[in-house]
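In: only geometry, no sequence info:
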């Protein structure tokens, strides 16, 4: 059986992290969980430790992408075969993990992305973010030829051989979103989308004037990765890609 | 264009700047590679003061009305280059800090696990 780790980056989530961890524990008691505390100024880390969940405590706030990458480094170091990444804000549900893992079991698949956008989905997004998502979808289609319904989903499952790329400095740690999809395409890593249920996030990290900065960063990253072109795969050849 | 008094004043400034850079490096307040561009500026400044003709010639070639305008432009351009240099340095350091912080967290976690303070995942 594959050794699986759930990584959850968290910053100032003392109010929501306990409920989320309890949810995961009840739904998937067989899976290991690691919370990466991005130098929270509240009691997030204390809450996690009180619940007996393993945690990485970053000594300085590095941002979502770098916190995730710390989780990838931990998974690689500890010999995990599969990593599931979830956001610490409670947006992602524990029930979403099983469909991700079932799809990832296909040897032809390296990464599975949970999408909240599918026919009949109850998920609703503010207009500005919907426009941004549509814009990223179009860019991804132009750059990769692939249709991706949820280019900014943080709910993903990936196999060990993908970690070799994700732990490197080449991985886009500033807001890893739509640019990660271009990154996967560039390295020939096959990914699929799976419909999942997500809770609306009332306090997205992408809000206010930060949205403009976020879009700028992701756009630049997407173009730079795209212009670098496709690369030969690294490391050992594993089943799938 | 510059009279002797002006030349001497500007040459002292230029030599003073280069001397100041040496002092900063000697006192370990500045690393040599970050001082490179400033050294270059100081030496170019000294060179222009001593021999102004190339500046006048280039200004005429580029149809710039006054050599002083050309010098202003060069100064601004130089500052842009320095700022880009700093952005590159900062980006590099940002990556170094990120890697160090991640390594620190991983080591701290390993220490906690080995001392039994945290559950094994």
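Out: Yep, it's here. Model, not experiment: these values are computed from the prediction.

In: sec struct for residue A:84, please.
Out: Going by DSSP: H, G, I helix; E, B strand; the rest coil, the secondary structure assigned to residue A:84 is strand.

In: alongside chain B, which residues does chain A contribute?
Out: Contact residues (CB under 8 Å from any CB of the partner chain) of chain A with chain B: A:5, A:32-34, A:36, A:49, A:52-60, A:62, A:66, A:69-70, A:73-74, A:77-78, A:169, A:173. No exception for glycine: its C-beta is placed from N, CA and C like everyone else's.

In: does residue B:40 sit in a helix or strand, and which one?
Out: helix B:32-50 (DSSP states H and E).

In: next helix or strand past the helix or strand containing residue A:48?
Out: According to DSSP H and E, residue A:48 maps onto helix A:44-50. Note on helix A:44-50: by DSSP H and E, the next helix or strand toward the C-terminus is strand A:54-57.

In: give me the sheet partners of that next one and which way each runs.
Out: Strand A:54-57 pairs in its sheet with strand A:32-37 (parallel), by DSSP bridges.

In: and the contacts of the strand it pairs with?
Out: A:3-11, A:17, A:21, A:24-25, A:44-45, A:48, A:53-58, A:67-68, A:70-71, A:74-75, A:80, A:88, B:105, B:121 (CB atoms under 8 Å, 6 or more residues apart in numbering or on different chains).

In: equivalent analysis for stretch B:21-38, please.
Out: For stretch B:21-38, using CB under 8 Å, 6+ apart, the contacting residues are B:17, B:39, B:42, B:78, B:81, B:82, B:85, B:89.

In: can you pull the buried residues of it?
Out: B:21, B:30, B:35, B:38 (16 or more other CB atoms under 10 Å in any protein chain shown).

In: return the member of those nearest to chain A.
Out: residue B:30 (24.6 Å; CB to the nearest CB).

In: so that closest one: helix, strand or coil?
Out: Under three-state DSSP, the three-state class of residue B:30 is coil.

In: and the buried residues of stretch B:21-38, which is closest to residue A:92?
Out: residue B:30 (47.7 Å; CB to CB).

In: could you report the pLDDT at the closest one?
Out: The per-residue pLDDT reported for residue B:30 equals 89.

In: and whatever residue of chain A ends up closest to chain B, how close does it get to residue A:7?
Out: Distances between chain A and chain B by CB to the nearest CB are smallest at residue A:32, namely 3.8 Å. In this view, residue A:32 and residue A:7 are 10 Å apart by CB to CB, to the nearest Å.

In: settle it for me: which of the two has more neighbours?
Out: Set residue A:32 next to residue A:7 and count neighbours by other CB atoms under 10 Å in any protein chain shown: residue A:7 wins out with 25 against 18.

In: verify the contact between that one and residue A:72 for me.
Out: Yes: under the criterion of CB atoms under 8 Å, residue A:7 makes contact with residue A:72 at 7.4 Å.

In: what do the two both touch?
Out: residue A:83.

In: Throw together a ChimeraX command that grabs the buried residues out of the contacts of strand A:32-37.
Out: Provided next is the ChimeraX selection string for whichever of those are buried by 16+ other CB under 10 Å:
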select /A:4,5,6,7,8,9,10,11,17,21,24,44,45,48,53,54,55,56,57,58,67,68,70,71,74,75,80,88 /B:105,121
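
In: where along chain A do the strands fall?
Out: A:4-10, A:32-37, A:54-57, A:82-85, A:111-115, A:156-159, A:191-195 (DSSP state E).

In: want to try CSV for those strands, with mean pLDDT as columns?
Out: Converted to CSV, the strands of chain A look like this (pLDDT from 0 to 100):
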stretch, mean pLDDT
strand A:4-10, 97
strand A:32-37, 98
strand A:54-57, 97
strand A:82-85, 98
strand A:111-115, 96
strand A:156-159, 97
strand A:191-195, 95
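
In: need those strands in a markdown table (columns: distance to residue B:25).
Out: Compiled in a markdown table, the strands of chain A are given as follows (distance: least, CB to CB, whole Å):
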| stretch | distance to residue B:25 |
| --- | --- |
| strand A:4-10 | 41 |
| strand A:32-37 | 40 |
| strand A:54-57 | 38 |
| strand A:82-85 | 46 |
| strand A:111-115 | 49 |
| strand A:156-159 | 47 |
| strand A:191-195 | 50 |
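
In: out of the contacts of stretch B:21-38, which are inside helices?
Out: Mapping those onto helices (DSSP state H) picks out B:17, B:39, B:42, B:78, B:81, B:82, B:85, B:89.
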